[in-house]
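In: below: sequence and its predicted model.
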Amino acid sequence: MSVETAIRDYSLVGPEAERAVAAGLASARWYTPPITRAELKELMRRDDGPAIRDTLIWFAAFIVSGGLGYYFWGSWAAVPFFVVYGVLYGSSTDSRWHECGHRTAFKTQWMNDAVYQIACFMIMREPEIWRWSHTRHHTDTIIVGRDPEIISPRPPDVLSLLLNLFALKNTFAFFRKVFLHASGGLTDEEMTFVPESERPKVHFVAGVYLTIFALVIVACFAFGSILPAMYIGLPTLYGGWLALYFGVTQHLGLAEDVLDHRLNSRTVYMNPIFRFLYWNMNYHVEHHLFPTVPYHALPRLHEAIKADCPPPYPSTIAAYREIIPAILRQLKDPTYFVRRELPRAAGPTPVGAVAAKA
Amino acid sequence: MNENWIDAGAADRISPEDVAPFEHEGRQYALYRTADDRYFATDGVCTHEYAELADGFVMGTIIECPMHNGRFDFTTGEAKGAPACVNLATYPVKVEGGRIFVKLS
């Protein structure tokens, strides 16, 4: 098969979308590992404590890094503090957006919603659009033509991945869409997953976002400095690299069109600082298998079901030792993917799920 | 017993503050028991997308869908926010002789 004939249409409104539905891959039944109801109920239990603790540390880190960046502004000494501020703003917000979008981080609902709105603004993800796109991502994880959150197609779009080290492509797409949404429009793809009843919220929030960014620009001119934008707006770009570094490990290079999260997702062990910044999203297989389990319980869930899952990656470096060669090979052969091996005693993948990809 | 009251099994098969499935004539229902031993019944499938609510999580009088975390108040069926936007149907429940009866019309 040539590269040209193997290239698929990843849009949600093209022939692959129809093919996925016809193949039974849309809104399908996915594999669920065996776990007792009592055990799962205990794991799903909500608790405000861990997220309040982590959020207070998070806000304190913003204040300290941002304050010292301000103090040293104009000298090279400001750089490390803005590096930290940028990673907090442009990367750690990926996990806050994610966990609070699921409404599992906090037990108290308004706390989830408040942190969700803050994180969405920081990482430039419109809250309603991304709530619904992520809903689809969980329904049809890495199903081509259905999942709007496939990070890169096959063959991989290496240029886009590199641009997104500084969130350049994502930011361009964000502003293009936020102007469209503020003017009352939606893309054809967004119309496939955002219900009509929720669309007025999209248009309202887009207007609010544009107003805030306009005020930041006005402030930069008023003060004759880019400093205001160093705190609001630009950190999404200069601090977005760690979100990409983490995000690539979730699914890239693994199987498409399988109804088994053990085969299309990675669990990667990370150090405590990474896990704080990423809020345990490195337990990604577990998160997809049981989205109702809060981030602070994912390590326990991992222990409970790991005999049923492929072995986790011991580090992000180990994951990238697999991902980078897979990307390079997919550039020549878009049909290639990393085939995860299930333990011998693990439950079987749903019949037809793997065959359906061919 | 009125013919519309359907025997849905032993009351103690549901733990306090939990949910259990019940199927009748090919249709899925979800039965709930609150922490203070009140019982409720709703349709068994989330109004957003196909997911069985009996696999979800009960918090007080809220059932959270296991797939997308949509939430409903199972005492009224009210959807409590996206992605749950359409209310759940609810059904009268009574407990007699240690068994749950659901009135299905």
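Out: Arrived safely, thanks for sending.
In: up against chain A, what does chain B have?
Out: Chain B comes close to chain A at residues B:15, B:18, B:48-50, B:56-57, B:59, B:64, B:66-69, B:71, B:82-83, B:85, as judged by C-beta under 8 Å from any C-beta of the partner chain. C-betas here are computed from N, CA, C, even on glycine.
In: filter those to the buried ones?
Out: Listed as buried from those are B:18, B:48-49, B:56-57, B:64, B:66-69, B:71, B:82-83; burial here means 16 or more other C-beta atoms under 10 Å in any protein chain shown.
In: out of those, which two sit at the greatest distance?
Out: Maximum pairwise distance among those (C-beta to C-beta): 24.9 Å, between B:D18 and B:A82.
In: among the buried ones among the residues of chain B next to chain A, which one has the lowest pLDDT?
Out: Least confident entry in these, by pLDDT: B:A82, with 82.
In: for it, give me its contacts.
Out: Going by C-beta atoms under 8 Å, 6 or more residues apart in numbering or on different chains, B:A82 touches A:128, A:131-132, A:198, B:70.
In: present those residues as TSV; the columns should include pLDDT.
Out: Shown next, in TSV, are the contacts of B:A82 (pLDDT from 0 to 100):
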residue	pLDDT
A:E128	94
A:R131	93
A:W132	93
A:E198	91
B:G70	92
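In: could you check the pLDDT of the residue of the stretch 251-358 of chain A found nearest chain B?
Out: Proximity of the stretch 251-358 of chain A to chain B (C-beta to the nearest C-beta) peaks at A:T292, 5.0 Å away. pLDDT for A:T292: 94.
In: give me the neighbour count for it.
Out: Residues near A:T292, counting by other C-beta atoms under 10 Å in any protein chain shown, number 23.
In: one more: A:R344?
Out: With other C-beta under 10 Å as criterion, A:R344 counts 5.
In: residue ranges with poor pLDDT in the chain?
Out: Let's take chain A. Residues of chain A that meet the criterion pLDDT under 70 lie in A:1-6, A:351-358.
In: not what I meant, chain B
Out: For chain B, the stretches flagged by pLDDT under 70 are B:1-3.
In: at 90 what do you get?
Out: B:1-4, B:49, B:81-82, B:104-105 (pLDDT under 90).
In: give me the residue from it nearest chain A.
Out: Residue nearest to chain A within chain B: B:F57 (4.2 Å; C-beta to the nearest C-beta).
In: would you list the phi and psi of that residue?
Out: phi -120, psi 130 (degrees, to the nearest 10).
In: ok, it - contacts?
Out: The contact partners of B:F57, taken as C-beta under 8 Å, 6+ apart, are A:41, A:44, A:292, B:63-64, B:66.
In: and with 10 Å instead?
Out: With contacts defined as C-beta atoms under 10 Å, 6 or more residues apart in numbering or on different chains, B:F57 is in contact with A:40-41, A:43-46, A:104, A:290, A:292-293, B:17-19, B:63-66, B:69, B:71.
In: what do you get for A:F59?
Out: Each residue near A:F59 by C-beta under 10 Å, 6+ apart is listed here: A:88, A:118.
In: that one: helix or strand, and which one exactly?
Out: Assessed by DSSP states H and E, A:F59 sits inside helix A:48-71.
In: going by neighbour count, list what's buried in that helix.
Out: Across helix A:48-71, burial judged by 16+ other C-beta under 10 Å covers A:50-51, A:54-55, A:58, A:61-62, A:65-66, A:68-69.
In: the inter-axis angle of whichever helix or strand comes after it versus helix A:48-71?
Out: As assigned by DSSP H and E, the chain's next helix or strand after helix A:48-71 is helix A:78-90. Per axes from the mean of the first three to the mean of the last three C-alpha atoms, to 10 degrees, the angle that helix A:78-90 makes with helix A:48-71 is 150 degrees.
In: go ahead and confirm A:Y10 touches A:P155.
Out: No. With contact defined as C-beta atoms under 10 Å, A:Y10 and A:P155 do not form a contacting pair (11.5 Å).
In: tell me the residues on the stretch 51-200 of chain A that lie near chain B, please.
Out: Residues of the stretch 51-200 of chain A found near chain B (C-beta under 10 Å from any C-beta of the partner chain) are A:101-104, A:107, A:109, A:112-113, A:127-128, A:131-132, A:134-139, A:193-198.
In: what residues are up against B:E78?
Out: Contact analysis of B:E78 by C-beta under 10 Å, 6+ apart lists B:62, B:71-72, B:84, B:87-88, B:90.
In: ok, what's across the strand from it?
Out: For B:E78, the residues forming beta bridges with it (DSSP bridges) are B:D73.
In: what residue in chain A comes nearest to chain B?
Out: A:M44 (4.2 Å).
In: now that residue: closest residue in space that isn't a chain neighbour?
Out: The shortest distance from A:M44 to any residue other than its chain neighbours is 4.2 Å, reached at B:F57 (C-beta to C-beta, 6 or more residues apart in numbering or on different chains).
In: partners of the one you found in the sheet?
Out: B:E64.
In: likewise B:D7?
Out: Going by DSSP bridges, B:D7 forms beta bridges with B:F101.
In: contacts only, for it.
Out: Per C-beta under 10 Å, 6+ apart, neighbours of B:D7: B:1, B:22, B:24, B:96, B:99-102.
In: go again using 8 Å as the cut-off
Out: By C-beta under 8 Å, 6+ apart, the residues touching B:D7 are B:99-101.
In: next, count neighbours for residue 74.
Out: Using chain A here. The local packing of A:G74 (other C-beta under 10 Å) involves 9 other residues.
In: should've been chain B
Out: By the criterion of other C-beta under 10 Å, B:F74 has 24 neighbours.
In: I'd say it and B:A30 touch.
Out: Yes. Counting by C-beta atoms under 8 Å, B:F74 does reach B:A30; the two are 7.4 Å apart.
In: now do the shared contacts for those two.
Out: Common neighbours of B:F74 and B:A30, using C-beta under 8 Å, 6+ apart, are B:19, B:42, B:63.
In: nearest residue to the last one other than its sequence neighbours?
Out: The one in question is B:I63. Going by C-beta to C-beta, 6+ apart, B:I63 has B:F74 as its nearest residue, at 4.8 Å.
In: in contact with the one you found, which residues?
Out: Going by C-beta under 8 Å, 6+ apart, B:F74 touches B:19, B:30, B:32, B:40, B:42, B:58, B:61-63, B:88, B:90.
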